[in-house]
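Asks: build me a model from this:
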Amino acid sequence: RMFAARGAGFTVTAHTDLKTVLDGASYVFTTFRPGGMEGRHLDESIPLRHGVVGQETAGPGGFLMACRSIPVLMEIAALAGKDAWIVNYTNPTNVVTDAVTRYSDAKIIGLCDQHVGDTEMWAELLGLPFERLEADWIGLNHATWAERLRLDGEQLDLPTLLDDLEIPG
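Replies: Alright, predicted model coming up:
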């Protein structure tokens, strides 16, 4: 319905057979959570029991998620064939994308939209309008940091902003 509302010139269909849906596809967008929320809970809680932050994209939790995600993406890559582009949003995107690149002939690019949420958080913490704020993010997935911050195109003095920041709590 979203595509139709915007007048998009294509249709979206649902299938339960992976081979059927990938046959002849030019682009394959992947975003899934193998193991569901139960798997996420394990990814986050097991490391915590050992004094390590659990997270689905980095550290031991990211490794556990990768162990479930990579086999699925490898199957998708094999079924999609060499002509389709895979646009991967499945976490941990960098590890999953690297595995597909190394061990298949598939064309794949891994993307992560974490920077959007992080920029929104910076805007809120600093009392700045999100729509006018830009940040240069460095890193992969959820292990990123802002190197520069601009408001209306003008670079802000990030160290001074951070020194003046009062975090509630």
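Asks: which SS state does the one residue sitting closest to the centre of the chain fall under?
Replies: In the chain, the C-alpha nearest the mean C-alpha coordinate belongs to residue 112, at 3.0 Å (CA atoms, centre = their mean). With DSSP: H, G, I helix; E, B strand; the rest coil as the basis, residue 112 sits in coil.
Asks: from residue 49, how far off is it?
Replies: Per CB to CB, to the nearest Å, residue 112 is found 27 Å from residue 49. Bear in mind the C-beta positions are built from the backbone N, C-alpha and C, glycine included.
Asks: again, but for residue 117
Replies: 27 Å.
Asks: quick one: low-confidence parts of the chain?
Replies: Scanning the chain with the threshold set as pLDDT under 70 gives 140-142, 166-169.
Asks: that one: strands as residue ranges?
Replies: Assigned by DSSP state E, the chain shows strands spanning 27-30, 85-88, 107-110, 133-140, 143-151, 154-155.
Asks: give me the contacts around the last one.
Replies: Meaning strand 154-155. By CB atoms under 8 Å, 6 or more residues apart in numbering, the residues outside strand 154-155 that reach it are 148-149.
Asks: before we move on, what about the third one?
Replies: Surrounding strand 107-110, the residues in contact under the criterion CB under 8 Å, 6+ apart are 73, 77, 82, 84-89, 93-94, 96-98, 100-101.
Asks: swap the cut-off to 6 Å and go again
Replies: 85-88, 93-94, 97, 100 (CB atoms under 6 Å, 6 or more residues apart in numbering).
Asks: now the fifth one
Replies: Contacts to strand 143-151, defined as CB under 6 Å, 6+ apart, come from residues 58, 128, 132-139, 155-156, 158.
Asks: could you give the number of residues near residue 35?
Replies: When counting by other CB atoms under 10 Å, one arrives at 17 neighbours for residue 35.
Asks: ok, the one 10 residues further on next?
Replies: By the other CB under 10 Å criterion, the neighbourhood of residue 45 contains 11 residues.
Asks: contacts only, for the residue nearest to it when sequence neighbours are not counted.
Replies: Spatial nearest neighbour of residue 45, excluding adjacent residues (CB to CB, 6 or more residues apart in numbering): residue 54 at 6.1 Å. Listed by CB under 6 Å, 6+ apart, the contact set of residue 54 reads 43-44, 47-48, 61.
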